[in-house]
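K.L.:
no sequence on this one, just coordinates:
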């Protein structure tokens, strides 16, 4: 059969979507449809006015093409300005908000429709956009920056699922600037972040544990065992290519070029890199013996991911010429084979160790953002730390805190004592936000000696943090803490998380918002914001977002979605026990008792607390069926 020639062209694509459409539909379907019809008529008229053409619609979304990037931008900003004004009107029966994204790229024309990456990235930009905002790709920015009155805010490189793109926010009077704008860049840290930032709000779900084992921060050998503690014959030493919640890093032996008498330098640099990367508890780093084994075996590229579950590979060279030299390093993402980071430094014999350490720290900073916390996760943190060491201290505190068990609490408490000493005064809200989360966890884990005194301290910290009104983190803090300890009602808590999302909407903020929606019974909304969070984070450390999304699907009667979400990852060695409880229940329900027992045994081995699992169900009757199923499998609810 002859191959059909694709009809390709370059087009400017505008994508639009309604914020919280499903929630509007559930609240009042008729009013939602009438409101959207009125708002859509404004959009369609503007698209026509600016020379655009609608080529696809879907419920609450519109895709249009334009012959001009400038016209597309003017159309988008005009529409958002009108929508903001419409929502301000006192007689407006429904406040309907939109997200817009614009991309210019290659598309395939099929009939009247357009397909391809050019359209996909426009959709990703729309999802990235703030409510009432417009986000554009670099290709659009380069076309319009000198031709319009608009100003733009650089969000840096974004990676969402299979798409990587450089994004900008259009600065508008009603939108927030999603990154520090005081211009006081810290040179070393900013170089490491490459205009992306560290992490935002810190907390992850109340009353939930990740088990006693410590995630990440391991140096392991090729067979998957601990280089120091696990024997090759132990069950945990089996090779597994299943996805882990913490990314696995392989540092290949660094090659030395130029002088054979200094070949030992290559091994030294290799081991130094492994040691530095292992300081971050959010990753699993393979041992140096594994590095040399892989180099000798000839295993390379995607085969590393397939065989051993390796996510990222660090490689490089040391070049010598006389008394001087150069170190070149690069980080490759095995998901798509792209080089996600590279750098080089010249050195002399006297400066070798300093340069080596500096490059290692830069690599670690980039790896932490692009492989663990996500580019958008810390949009308001670009200027928050003076050094990479301080930044890593913060990330390690967060990782330990998120274990949500006794071991994690005591480890994070120790780190917090160091962390509060290095937070700059201009970020003083964090001097209250972080200690507040620490006290909050102390109380929820039952570690308080004087609970009344701890509650008093917690209330004071929340009040001091809330004095800062232009950051998302204090709003999430006061919503969660207020709901659980100080009588905050659902409508007030939801108002606070809505403000937090408007102020930035980091992954942690979305996750916290999902928690509030969930405990307030709005499972559809909890699912929506959890999914938004999940697609923005490269690795869901500890399956934190995933396990809660599983709960919301179950509570919302969408059990089939649980299977679709988890898939083969149910076999991941570090899969969270709460997810395993659901799979045990589902297997028992369909009569596969052998598989059900296997899942239940794995949950027990993970040390998952059944008490914390039951707290997911605010309405106790919701847990009745699943708990009966687990009891039939032999679960003793009082044993763990």
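P.N.:
Everything's here; your move. A quick note: this is a predicted structure, and the numbers were derived from the prediction, not measured. Residues are numbered from 1 along each chain as shown.
K.L.:
Point out where the stretch 151-300 of the chain drops to low pLDDT.
P.N.:
159-163, 176-244, 258-264 (pLDDT under 70).
K.L.:
repeat that with 90
P.N.:
The model of the stretch 151-300 of the chain has pLDDT under 90 over residues 151, 153-167, 172-300.
K.L.:
Provide a list of residues in contact with residue 561.
P.N.:
When contacts are counted by CB atoms under 8 Å, 6 or more residues apart in numbering, residue 561 touches residue 553. Where C-beta positions appear, they are placed from N, C-alpha and C, glycine not excepted.
K.L.:
Can you tell me how far it is from residue 98?
P.N.:
26 Å (CB to CB, to the nearest Å).
K.L.:
try residue 148
P.N.:
20 Å.
K.L.:
Ok, residue 514 next?
P.N.:
Taking CB to CB, one finds residue 514 at 22 Å from residue 98.
K.L.:
Which helix or strand in the chain has the lowest average pLDDT?
P.N.:
helix 187-193 (a mean of 37; mean pLDDT, DSSP states H and E).
K.L.:
about what we covered before: of residue 148 and residue 98, give the one with the bigger neighbour count.
P.N.:
Between residue 148 and residue 98, counting by other CB atoms under 10 Å, residue 98 is the more crowded of the two (26 against 15).
K.L.:
Tell me how far that one lies from residue 502.
P.N.:
Taking CB to CB, one finds residue 98 at 14 Å from residue 502.
K.L.:
Over to residue 107?
P.N.:
With CB to CB as the criterion, residue 107 and residue 502 are 32 Å apart.
K.L.:
same question, residue 561
P.N.:
Applying CB to CB to residue 561 and residue 502 gives a distance of 28 Å.
K.L.:
Kindly list the longest strand within the chain.
P.N.:
In terms of residue count, the longest strand belonging to the chain (DSSP state E) is strand 98-110.
K.L.:
other SSEs contacting that one?
P.N.:
strand 8-18, helix 69-88, strand 113-115, helix 117-128, strand 134-137, helix 138-144 (3 or more CB pairs under 8 Å, 6 or more residues apart in numbering; DSSP states H and E).
K.L.:
Given the shortest one, what are its sheet partners and their directions?
P.N.:
By that I understand strand 113-115. Using DSSP bridges, the strands paired with strand 113-115 are strand 98-110 (antiparallel).
K.L.:
so where's the stretch 301-450 of the chain shaky on pLDDT?
P.N.:
Using pLDDT under 90, the stretch 301-450 of the chain drops low at 301-408, 422-430, 444-446.
K.L.:
Let's see that with 50 instead.
P.N.:
Along the stretch 301-450 of the chain, the parts satisfying pLDDT under 50 run over 378-380, 382.
K.L.:
again with the stretch 1-150 of the chain
P.N.:
Those would be 1-3, if you go by pLDDT under 50 across the stretch 1-150 of the chain.
K.L.:
how does it look with 80?
P.N.:
The stretch 1-150 of the chain contains residues with pLDDT under 80 at 1-6, 20-23, 26-27, 58-59.
K.L.:
Need the pLDDT of the residue nearest the centre of the chain.
P.N.:
Closest residue to the average C-alpha location of the chain: residue 537 at 2.3 Å, with CA atoms, centre = their mean. At residue 537, the model reports a pLDDT of 78.
K.L.:
ditto for the one 3 residues further on
P.N.:
Residue 540 carries a pLDDT value of 83.
K.L.:
same check, this time on the one 3 residues further on
P.N.:
Per-residue confidence for residue 543 comes out at a pLDDT of 85.
K.L.:
quick one: it and residue 579 touch, right?
P.N.:
Yes: using CB atoms under 8 Å as the test, residue 543 is close enough to residue 579 to be in contact (6.4 Å).
K.L.:
which one of the two has more residues nearby?
P.N.:
residue 579 (27 against 24).
K.L.:
That one in helix, strand or coil?
P.N.:
helix (DSSP: H, G, I helix; E, B strand; the rest coil).
K.L.:
for the stretch 251-400 of the chain, what spans make up the strands?
P.N.:
255-257, 284-286, 312-321, 324-333, 338-348 (DSSP state E, counting those that start in this stretch).
K.L.:
Relative to residue 401, which of those is closest?
P.N.:
For residue 401, the closest of these is strand 284-286, at 19.1 Å, according to CB to CB.
K.L.:
from the helices and strands packed on strand 98-110, which stretch is densest packed?
P.N.:
Among the helices and strands packed on strand 98-110, the stretch with the highest mean neighbour count (mean count of other CB atoms under 10 Å) is strand 134-137, at a mean of 30.
K.L.:
Now do that one: which elements does it pack against?
P.N.:
Packing contacts for strand 134-137, counted by 3+ CB pairs under 8 Å, 6+ apart, involve helix 69-88, strand 98-110, helix 117-128, strand 163-171.
K.L.:
Output these as CSV; include the columns distance to residue 493.
P.N.:
Listed next are the helices and strands packed on strand 134-137 as CSV, based on distance: least, CB to CB, whole Å:
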stretch, distance to residue 493
helix 69-88, 22
strand 98-110, 23
helix 117-128, 25
strand 163-171, 28
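K.L.:
thinking again about what came up before, looking at the strands of the stretch 251-400 of the chain, which is buried most?
P.N.:
Across those, averaging neighbours per residue (mean count of other CB under 10 Å) puts strand 284-286 on top, at a mean of 27.
K.L.:
So what are the sheet partners of that strand and their directions?
P.N.:
Within its sheet, and counting by DSSP bridges, strand 284-286 is paired with strand 218-220 (parallel), strand 248-251 (parallel).
K.L.:
Only the buried residues of stretch 580-593, if you could.
P.N.:
580, 581, 582, 583, 584, 585, 586, 587, 588 (16 or more other CB atoms under 10 Å).
K.L.:
Which ones among the residues you listed lie within helices?
P.N.:
Among those, DSSP state H puts 580, 581, 582, 583, 584, 585, 586, 587, 588 in helices.
K.L.:
residues in contact with the last one?
P.N.:
Contacts were defined as CB under 8 Å, 6+ apart; by that measure residue 588 touches 596, 629, 630, 632, 633.
K.L.:
How about the second one?
P.N.:
Applying CB under 8 Å, 6+ apart to residue 581 gives the contacts 599, 600, 603, 608, 610, 613, 626, 630.
K.L.:
Over to the fifth one?
P.N.:
Residue 584 makes contact with 596, 597, 599, 600, 603, 629, 630, 633, according to CB under 8 Å, 6+ apart.
K.L.:
Where does the record place the domain boundaries for the protein?
P.N.:
Per automatic domain parsing, the domain ranges recorded for the chain read 9-175, 218-377, 400-632.
K.L.:
which of the residues in the one helix or strand residue 26 maps to are buried?
P.N.:
Applying DSSP states H and E as the criterion places residue 26 in helix 21-27. Within helix 21-27, the residues scored as buried using 16+ other CB under 10 Å are 21, 24, 25.
K.L.:
Check which helices and strands that helix is in contact with.
P.N.:
Using 3+ CB pairs under 8 Å, 6+ apart, helix 21-27 sits against helix 29-49, helix 523-536.
K.L.:
ok, and what's touching the longest one?
P.N.:
Residues external to helix 29-49 that are found in contact with it (CB under 8 Å, 6+ apart): 14, 16, 18, 21, 24-25, 53-54, 60, 62, 64, 75, 78-79, 82-83, 86, 93-94, 96, 98.
K.L.:
swap in the shortest one?
P.N.:
In this structure, residues lying in contact with helix 523-536 by CB under 8 Å, 6+ apart are 20, 22-23, 26, 127, 160-161, 374, 376-377, 501, 505, 507-508, 510-511, 513-515, 517-518, 540, 545-546, 548-549, 552-553, 555-556, 558.
K.L.:
Of the residues you listed, select the buried ones using a ChimeraX command.
P.N.:
In ChimeraX syntax, the buried subset of the contacts of helix 523-536 is picked out as below (16+ other CB under 10 Å):
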select :20,127,160,374,376,377,501,505,507,508,510,511,513,514,515,517,518,540,545,546,548,549,552,553,555,556
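K.L.:
Need the domains of the chain in CSV (columns: distance to residue 391).
P.N.:
Converted to CSV, the domains of the chain look like this (distance: least, CB to CB, whole Å):
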stretch, distance to residue 391
domain 9-175, 16
domain 218-377, 6
domain 400-632, 9
